[in-house]
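Peer 1: got a sequence here, can you model it:
(chains A and B)
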Amino acid sequence: MKKWIWVFSLLALLTAPALVSAQMPTMESLIGADIRQTCPDPTNLPDTVTIGSLLTLTGGASVFGVSQQRGIQLAIAEINNSAFLGEGVTLEVIFEDSASDNNQAIAAMTKLVEEDRVIAVIGPTLSREAFSADPIAQDAGVVVLAVSNTANGITDMGDFIFRNSLPEASVIPGTVAGAVDQLGIRSAAIIYANDDDFTVSGANVFREAFEANGVTVVAEETYATGDVDFNAQLTNIIAQNPDALAISALAVEAVQIILQARAQGYQGVLMGGNGLNSPAVLQQTGADSEGLIVGAAWNIGSPNELSAAFKAAFENEYGNLPDQFAAQAYTGAWMIASAIRCADSTDSAAVRDALAALEMETPLGFFSFTEDRNPIHDPVVQVNRGGAFAVLGAE
Amino acid sequence: MNLIQQLVNAIWLGSVYSLFALGYALVFSVLGVLNLAHSAVFMWGAWIGLLVVTQLTLPLWIAVPAAMLGAGLISVALERTAFAPLRARGAPRISQLISSIGASFFLVNFAQLLFGTNPERFPIGLIPAEAIPNLPFRVTPIQVVILMVSVVLMALLNLLVARTRLGQRMRAVAFNQRTAGLLGVNVGAIYMITFFLAGALAGAAGVLYGLAFNQITPFIGDAIALKGLTVIVLGGLGNIQGALIGGFVVAALEVFSVAAGGSNYRDAIVFTLLFLILLVRPQGLVGQKEQTRA
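Peer 2: Model prediction:
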């Protein structure tokens, strides 16, 4: 069976790469305006500056990757149309598909770094793919900017590894504290996939956050990625009658867990990590996810004017509303472009230094990096009201 | 109450596993080849059922026969393109196995091209989600329907293979293709019928699975493909009763290892037991030594 996956990976590798340099009507964007002030127009850049993007465009987690690709393509079009890297300089992205598979992610990262010789890579989509593939870029001294990896320890892989996605460790404690404060939760259960770095670290943070807020964890259950039937685990959990159920899962499994928990008669509060932060989860669970609480780095209702501009441009281009994955990917592409502009160089080490020092207004809020290349900006606690995420307490 | 609920969980999950694994077992019993595109046919069954309901706005019950017919035809096309040409040239069985993997890629990627990668659902409210009241355990009407349809289909297949002239011919071809041909059995037709039946079962399993979990993507076959293989190895390769029992055994092992508090070790428990069973009975739970396949 493993060989099967490999053959598929090779096929995907052969068919997936697509060069993108979209053309859109010229317009000066709000985002990047502060960088235009702080860094002068670059003069040393070649006509074409090439970066890579490694996303999971097929496979189980493709819901996230496709959204991210759209965010990046929108940003690249804006960057090129506003001549952000100087007149006549085109920023080009080579997209590679990791197919939600770690081995495929390694192969694709190797291609981007060794064959395409990109300056920087945006991605990969999943934390487990990042743990597999990022060391290749680190060894070659190529910048990696994760735009959705939220597991602990991503940037510990090396000084070229950055992320603009708030780790679960920064989002979940605030989410739990807000929910306990407003809803009076005293006991909780946790369900998570035990074969995925992202969901395991999410569960660990939930456990600590519950304890820190005086909530007793009465049950913990695990499953394997790809499972569809969670009735056995949920039967165990419901027998303990917890006030809240924390779900540390990716979207596909989260939908099933929510539906099956409600079908088994669970009435308590549902809470989730970053994987549940998608309109698709709400849409596919309908009334069953009413009141679902999810912490987030970004909310579509954000009053931030850069966020509103991004939302309008995205909807205009694709005909649907962006999710957080699109927002972070869009921001990531702008951050890489800003670092290249400020470095005025295609040398990956110079771009790395410029990125580390970057401070800019983004749709996520005012953004900067910590010393260990993790993001600093304010999270939001969201609650599902009638099929859309609103900000908890602000309704 | 908890134990009864877990038993209900196991029976219902087992019926889905068994129904899926039957098609695997049927093809293996007649051809001696694993059809690894079976999970792709399963996925197509789910999509056909969904499209019949959402696009043609036909009532829900038509989804099952429509999916069985559609998936059966896809399965026959599979036999004509991926298996028959290789068999005609006397290619080894491993080539047919590889060919079926290729066919599976094609079917999954074609579905991805047509339907995209976002999950599709039967409209909310179409399937009653409320549990049946006044029972000591929770079970939804759709779960009961799925169990009943599965059991009926499994019983019909068993009757067909064991009691009819067609079943007799299928068993003859399984026993020895050449001898059966010399005795006047139309071997090509038997192969096509076998694939049609296997495809129809996969299609039924697909649409029932789609109704049960209500989340249909081109990738839903991936998860169940491995379970199906586990089931038929456990049951005895190509043994139809074995696939039936194997499905319920695997589901029960999964559910009760979780119920016993070992959700972290669920797969370890299932596969360790599988290993032990095969160590004692290499022919599977109900398999017999060679000869009497099908």
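Peer 1: quick one: the strands in the stretch 51-200 of chain A?
Peer 2: A:90-97, A:120-122, A:143-146, A:161-163, A:187-193 (DSSP state E, counting those that start in this stretch).
Peer 1: so which of these gets nearest chain B?
Peer 2: strand A:187-193 (8.6 Å; Cβ to the nearest Cβ). (C-beta placed from N, C-alpha, C; glycine too.)
Peer 1: picking up where we left off before, and of the strands of the stretch 51-200 of chain A, who's closest to B:M43?
Peer 2: Within the strands of the stretch 51-200 of chain A, the stretch nearest B:M43 is strand A:90-97; the backing value is 19.8 Å (Cβ to Cβ).
Peer 1: quick one: list the elements packing against that closest one.
Peer 2: Helices and strands touching strand A:90-97, by 3 or more Cβ pairs under 8 Å, 6 or more residues apart in numbering or on different chains; DSSP states H and E, are helix A:2-15, strand A:18-20, strand A:48-55, helix A:62-81, helix A:102-110, helix A:324-343.
Peer 1: tell me which of the ones you listed is the most buried.
Peer 2: helix A:324-343 (a mean of 28; mean count of other Cβ atoms under 10 Å in any protein chain shown).
Peer 1: give the next helix or strand downstream of that one.
Peer 2: Counting by DSSP states H and E, the element after helix A:324-343 in chain order, helix or strand, is helix A:348-356.
Peer 1: what is the orientation angle of that next one with helix A:324-343?
Peer 2: 120 degrees (axes from the mean of the first three to the mean of the last three Cα atoms, to 10 degrees).
Peer 1: residue ranges with poor pLDDT in the chain?
Peer 2: No chain was given, so I picked chain A. A:1-28, A:393-395 (pLDDT under 70).
Peer 1: that's the wrong chain, I wanted chain B
Peer 2: B:1, B:124-125, B:129, B:285-294.
Peer 1: and the longest helix for it?
Peer 2: Ordering each helix of chain B by length in residues (DSSP state H) puts helix B:2-31 first.
Peer 1: can you give me the buried ones in the next helix-or-strand element following it?
Peer 2: Per DSSP H and E, helix B:2-31 leads on to helix B:38-54 as the next helix or strand towards the C-terminus. Within helix B:38-54, the residues that count as buried by 16 or more other Cβ atoms under 10 Å in any protein chain shown are B:38-53.
Peer 1: got it, and stretch B:186-198?
Peer 2: Buried residues in stretch B:186-198 (16+ other Cβ under 10 Å): B:V187, B:I190, B:Y191, B:M192, B:I193, B:T194, B:F195, B:F196, B:L197, B:A198.
Peer 1: so the residue of the stretch 251-395 of chain A found nearest chain B: helix, strand or coil?
Peer 2: As assessed by Cβ to the nearest Cβ, chain B sits closest to A:G286 within the stretch 251-395 of chain A, at 4.4 Å. The three-state label given to A:G286 by DSSP: H, G, I helix; E, B strand; the rest coil is helix.
Peer 1: near chain B, which residues of the stretch 101-250 of chain A are found?
Peer 2: Contact residues, the stretch 101-250 of chain A versus chain B (Cβ under 8 Å from any Cβ of the partner chain): A:194, A:221-224, A:226-229, A:231-233, A:235-236, A:239.
Peer 1: widest-spaced pair of those?
Peer 2: It's A:G226 and A:A239 that sit farthest apart of these, by Cβ to Cβ, at 25.4 Å.
Peer 1: now do the same for B:A268: helix, strand or coil?
Peer 2: helix.
Peer 1: now do the contacts for A:S368.
Peer 2: Residues near A:S368 by Cβ atoms under 8 Å, 6 or more residues apart in numbering or on different chains: A:L358, A:E359, A:P375, A:I376, A:H377.
Peer 1: got those as a markdown table, with distance to B:R281 columns?
Peer 2: Compiled in a markdown table, those are given as follows (distance: Cβ to Cβ, whole Å):
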| residue | distance to B:R281 |
| --- | --- |
| A:L358 | 64 |
| A:E359 | 67 |
| A:P375 | 56 |
| A:I376 | 60 |
| A:H377 | 60 |
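Peer 1: so which of those residues is the closest to A:D47?
Peer 2: Once Cβ to Cβ is applied, the member of the contacts of A:S368 that ends up nearest A:D47 is A:L358, at 24.3 Å.
Peer 1: my guess is the closest one meets A:R341, correct?
Peer 2: No - contact criterion Cβ atoms under 8 Å: A:L358 and A:R341 do not qualify, at 10.2 Å.
Peer 1: any chance of the helices and strands packed on strand A:90-97 in a markdown table, plus distance to A:E96?
Peer 2: Converted to a markdown table, the helices and strands packed on strand A:90-97 look like this (distance: least, Cβ to Cβ, whole Å):
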| stretch | distance to A:E96 |
| --- | --- |
| helix A:2-15 | 8 |
| strand A:18-20 | 9 |
| strand A:48-55 | 5 |
| helix A:62-81 | 11 |
| helix A:102-110 | 4 |
| helix A:324-343 | 14 |
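Peer 1: and of the ones you listed, who's closest to A:D116?
Peer 2: strand A:48-55 (6.1 Å).
Peer 1: same for the closest one, what does it pack against?
Peer 2: helix A:62-81, strand A:90-97, helix A:102-110, strand A:120-122.
Peer 1: could you export these as CSV, including distance to A:V294?
Peer 2: Listed next are those as CSV, based on distance: least, Cβ to Cβ, whole Å:
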stretch, distance to A:V294
helix A:62-81, 15
strand A:90-97, 27
helix A:102-110, 26
strand A:120-122, 24
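Peer 1: closest one to A:D139 among those?
Peer 2: Once the helices and strands packed on strand A:48-55 are compared by Cβ to Cβ, helix A:102-110 is nearest, at 10.5 Å.
Peer 1: now do the closest one: distance to the chain's middle.
Peer 2: Relative to the centre of its chain, helix A:102-110 is centred 19 Å away, using Cα atoms, centre = their mean, to the nearest Å.
Peer 1: cool, stretch B:250-261 as well?
Peer 2: On Cα atoms, centre = their mean, the centre of stretch B:250-261 falls 21 Å from that of its chain.
Peer 1: check what contacts it and list those residues.
Peer 2: A:221, A:231-233, A:235-236, B:2-3, B:6, B:9-11, B:13-14, B:16-17, B:227, B:230-231, B:234, B:263, B:265-266, B:269-270, B:273.
Peer 1: what do you get if the cut-off is 7 Å, keeping everything else the same?
Peer 2: A:232-233, A:236, B:6, B:9-10, B:13-14, B:17, B:227, B:230-231, B:234, B:265-266, B:269-270, B:273 (Cβ atoms under 7 Å, 6 or more residues apart in numbering or on different chains).
Peer 1: can you list the domains in chain A?
Peer 2: When chain A is parsed with automatic domain parsing, its domains come out as A:2-166+A:303-377, A:169-296.
Peer 1: those: which one's closest to A:G386?
Peer 2: Of these, the one closest to A:G386 (Cβ to Cβ) turns out to be domain A:169-296, at 7.3 Å.
Peer 1: show me which residues of the stretch 251-395 of chain A are close to chain B?
Peer 2: A:V252, A:V255, A:Q256, A:A263, A:Q264, A:G265, A:A280, A:Q284, A:G286 (Cβ under 7 Å from any Cβ of the partner chain).
Peer 1: widest-spaced pair of those?
Peer 2: Across these, the two lying at the largest distance from each other (Cβ to Cβ) are A:G265 and A:A280, at 25.0 Å.
Peer 1: what strand or helix carries A:T222?
Peer 2: Here A:T222 is assigned to strand A:216-223, by DSSP H and E.
Peer 1: may I have the strands that pair with that strand, each with its orientation?
Peer 2: Neighbouring strands of strand A:216-223 in its sheet, by DSSP bridges, are strand A:187-193 (parallel).
Peer 1: quick one: contacts of the partner strand?
Peer 2: Applying Cβ under 7 Å, 6+ apart, the set of residues contacting strand A:187-193 is A:199-200, A:202-203, A:206-207, A:210, A:215-225, A:233, A:237, A:240, A:242-249, A:253, A:257.
Peer 1: all set, thanks.
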